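A.B. asks: Got a predicted structure here, sequence first:
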Amino acid sequence: MPVTSGAHHLTLFTHDMDRFLRFYEDIFEATTKFDLSETGPEGGTLRHALVDLGGGFVLHPFQMPVPTGFESGAMQMGQRGHIDHFALKVDDEEGLQEIRRRLVKAGASDGIITDFGAVRLLSFKDPDGMEGEVARWTGADYVHSFKDRKQEFWQD
């Protein structure tokens, strides 16, 4: 049994904190626990927040006074930097389908669900281009390869 109990937070950068918070609050019903403004390391105003996504996991976005160059995400896997993407967990198919509907409506996902057997997932892109997934454990005891995965396309 691991001594850890799961992920706590993921820190990332944004160009527009208000837009970032609105996206996660509207789509995932996240709660912004703290939204702080303070003096940045080299002056100017640094803004950061803690956005509760459930299960004890939070996003910790930063809007720096001077852009860092890391605010925009890259869409090509393997070209995104040290952290490639993150996945949010839902507990059931109903939750996955509801988030799917919201993401498609927001223009943040094509709605394709990829079924790997033990996990079903839906990819999305947040307003800064950060790649994310919404994932659900299915209880299956096998995992399909990338070649054998199944895809369910969005039907309006």
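C.D. replies: On my side now, so go ahead.

A.B. asks: residues near residue 115, how many?
C.D. replies: For residue 115, the neighbour count with other Cβ atoms under 10 Å is 16. (Glycine included, C-beta is placed from N, CA and C.)

A.B. asks: give me the beta-bridge partners of it?
C.D. replies: For residue 115, the beta-bridge partners are residue 120, residue 150 (DSSP bridges).

A.B. asks: Please tell me I have it right and it contacts residue 149.
C.D. replies: Yes - applying Cβ atoms under 8 Å, one finds residue 115 in contact with residue 149, separated by 6.4 Å.

A.B. asks: my guess is residue 26 meets residue 102, correct?
C.D. replies: Yes - assessed by Cβ under 8 Å, residue 26 is found in contact with residue 102 at 7.5 Å.

A.B. asks: higher neighbour count, the two?
C.D. replies: Higher neighbour count among residue 26 and residue 102: residue 102, with 17 against 12, using other Cβ under 10 Å.

A.B. asks: Give me the secondary structure label for that one.
C.D. replies: helix (DSSP: H, G, I helix; E, B strand; the rest coil).

A.B. asks: With adjacent residues omitted, what lies nearest to it?
C.D. replies: Closest residue in space to residue 102, ignoring its immediate chain neighbours: residue 27 at 4.8 Å, by Cβ to Cβ, 6 or more residues apart in numbering.

A.B. asks: Equivalent analysis for residue 67, please.
C.D. replies: Distances taken as Cβ to Cβ, 6+ apart place residue 15 nearest to residue 67, at 7.3 Å, with adjacent residues excluded.

A.B. asks: That neighbour belongs to a strand, doesn't it?
C.D. replies: No - counting by three-state DSSP, residue 15 is not found in a strand; it is coil.

A.B. asks: Where does the prediction get shaky in the chain?
C.D. replies: 70-82, 84 (pLDDT under 70).

A.B. asks: Please enumerate the strands of the protein.
C.D. replies: 9-13, 31-39, 45-52, 58-63, 86-89, 113-115, 119-125, 131-137, 150-152 (DSSP state E).
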